[in-house]
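J.: pasting the structure only:
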């Protein structure tokens, strides 16, 4: 029926069917019915593309899987109606009659605004993805479960065949369970649940996944079920009891609220500008390396780790993108700062659930304004890129002098890179960071003259310092003398 109600059906009815009428093998009324069906489907395709261009309908979500995953975390849903107020309502329950409509939506998403240069590849992609709503129908749910199990196995390095067999066997054993039991099970859950497979469990991972999927449709049976934790460390609530019962028993669609913060809008902008998928958050892995050995997390450990990792990422990214220093970075430097924020959140979360030891640059962040620290590191990366990976103390001092920071922030950031006795003594003497950093920027590369035996000649370094730009020296001459007398 989907082909009949489509441009393909229209072309077939205007060519083959009319020829059949002339041959007496098809009545005129039947040909008119076929032409009407083709015209209707073609109109639905055009309507789908039109509504997609207005942003009212969402299809498969385009060909960019990284961006699609992030947008789904924000509340967008595949094959849905998106209302101006932010509500998203799925329309996959209209399949198969609405397949031409969805093809039009997918075609617009694949081609974007360049509808005059639609390629054959984009047309085929739009058609191939439109079967997804069919697999969500109850009559094909078991087949969809097999596909999910195979996909899960492939993503986790498992054999696809055992996963498919386990899923098929589980579906066979549970096929006698009425649909109403699954609706009752979901109605009793305040948050979205998912199946957690433990690597060291008695059953294989694919069997755990298949049994967990079956238990999700069986009241009173929860096999390896844990709350679904998104990349921001949040649980997905399913509404009040009345809302859950209405959605599961009466509403054929899934509903969602699309909410996007300014920080998330910045991540989308930065991704469009740079193409760097590392700006998007990722969900927690089920294992990590601790002291050189792999640590597989239990379900309880994973929930805690995923929650901490996501929540720390959300807090750090929000603080970072709202800071004034961040706005002064280039887009590439912003990407580096965001990558460091994710890395910091991940390592801190690992340390909270295990004996994992974070890298030194993260431990040095204690007591330092986090946003300023991340921006500072992004600037350091830029300096290394300009100097073949090398970092000069004079450049670091000049950088800190140029940033809009207060005195203690400058000292803290300087100590994160150079934690020497000299700097701490200058700090304890009450010398402000700006004066000290200007001094280091002007003199750190200077060396004393050497005698014939290669020994430093006393006083020659001081003479070189005093010969630098007099206008700059006059601004902090008094402080410089204090440093000289202290033996620097």
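T.: Thanks, I have the structure now. Every value quoted in this text rests on a predicted model; they were computed, and no experiment measured them.
J.: flag every buried residue along the longest helix along the chain.
T.: If you go by DSSP state H, the chain has its longest helix at helix 28-53. If you call a residue buried by 16 or more other Cβ atoms under 10 Å, then helix 28-53 has these buried ones: 31, 34-35, 37-42, 44-45, 48-49, 51-53. Placement of C-beta: from N, CA and C, glycine included.
J.: what do you get for stretch 277-291?
T.: Along stretch 277-291, these residues count as buried under the neighbour rule (16+ other Cβ under 10 Å): 279-284, 286, 288.
J.: going by distance to residue 186, which of those residues wins?
T.: residue 283 (21.7 Å; Cβ to Cβ).
J.: relative to the whole chain's centre, how far out is the one helix or strand residue 435 maps to?
T.: Residue 435 is part of helix 433-443 when elements are defined by DSSP states H and E. Taking the mean of its C-alpha atoms, helix 433-443 sits 41 Å from the chain's own mean (Cα atoms, centre = their mean, to the nearest Å).
J.: same question for stretch 88-96.
T.: Distance, centroid of stretch 88-96 to centroid of chain: 26 Å (Cα atoms, centre = their mean).
J.: ok, the nearest residue to residue 339 once chain neighbours are set aside - contacts?
T.: Excluding the flanking residues, the one nearest residue 339 by Cβ to Cβ, 6 or more residues apart in numbering is residue 278, at 5.3 Å. By Cβ atoms under 8 Å, 6 or more residues apart in numbering, the contact list for residue 278 reads 335, 338-339, 342.
J.: hmm, try it at 10 Å
T.: Applying Cβ atoms under 10 Å, 6 or more residues apart in numbering, we find residue 278 in contact with 66, 271, 335-336, 338-339, 342-343.
J.: out of those residues, who's the most crowded?
T.: In terms of neighbours by other Cβ atoms under 10 Å, the contacts of residue 278 top out with residue 338 at 27 neighbours.
J.: quickly find the element holding that one.
T.: Judged by DSSP H and E, residue 338 forms part of helix 331-353.
J.: one more: residue 422?
T.: Assigned by DSSP H and E, residue 422 falls in helix 421-428.
J.: now do that helix, average pLDDT.
T.: What helix 421-428 shows for mean pLDDT is 85.
J.: compute the inter-axis angle for that helix and helix 433-443.
T.: Taking axes from the mean of the first three to the mean of the last three Cα atoms, to 10 degrees, one finds helix 421-428 and helix 433-443 inclined to each other by 150 degrees.
J.: quick one: residue 81 is in a helix?
T.: No - read with DSSP: H, G, I helix; E, B strand; the rest coil, residue 81 is strand and lies in no helix.
J.: any idea of the pLDDT on the spatially closest residue to residue 14 that is not a sequence neighbour?
T.: With sequence-adjacent residues excluded and distances taken as Cβ to Cβ, 6+ apart, residue 14 is closest to residue 35, at 6.5 Å. Residue 35 is assigned 90 on the pLDDT scale.
J.: ditto for residue 54
T.: So residue 54 comes in at 90 (pLDDT).
J.: got the phi/psi numbers for it?
T.: Backbone torsions of residue 54, given as degrees, to the nearest 10, read phi -80, psi -10.
J.: show me the contacts for it.
T.: Counted by Cβ under 10 Å, 6+ apart, residue 54 has contacts 82, 108.
J.: where in the chain is pLDDT low?
T.: Low-confidence segments of the chain (pLDDT under 70): 1-2, 95-97, 112-178, 443-449, 451, 459-488.
J.: run through the strands of it in chain order.
T.: 57-58, 80-82, 87-90, 193-195, 225-227, 255-257, 287-290, 293-296 (DSSP state E).
J.: which neighbouring elements make contact with the third one?
T.: Right, strand 87-90. Strand 87-90 makes packing contacts with strand 80-82, strand 255-257 when contacts are defined by 3 or more Cβ pairs under 10 Å, 6 or more residues apart in numbering; DSSP states H and E.
J.: how about a markdown table for those strands, with mean neighbour count and distance to residue 351 added?
T.: As requested, the helices and strands packed on strand 87-90 are exported to a markdown table (neighbours: other Cβ atoms under 10 Å; distance: least, Cβ to Cβ, whole Å):
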| stretch | mean neighbour count | distance to residue 351 |
| --- | --- | --- |
| strand 80-82 | 21 | 40 |
| strand 255-257 | 15 | 34 |
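J.: looking at the ones you listed, which is closest to residue 231?
T.: That would be strand 255-257 among those, by Cβ to Cβ, at 16.1 Å.
J.: would CSV of the helices and strands packed on strand 87-90 with distance to residue 388 be doable?
T.: Shown next, in CSV, are the helices and strands packed on strand 87-90 (distance: least, Cβ to Cβ, whole Å):
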stretch, distance to residue 388
strand 80-82, 49
strand 255-257, 49
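J.: right, I'll leave it there.
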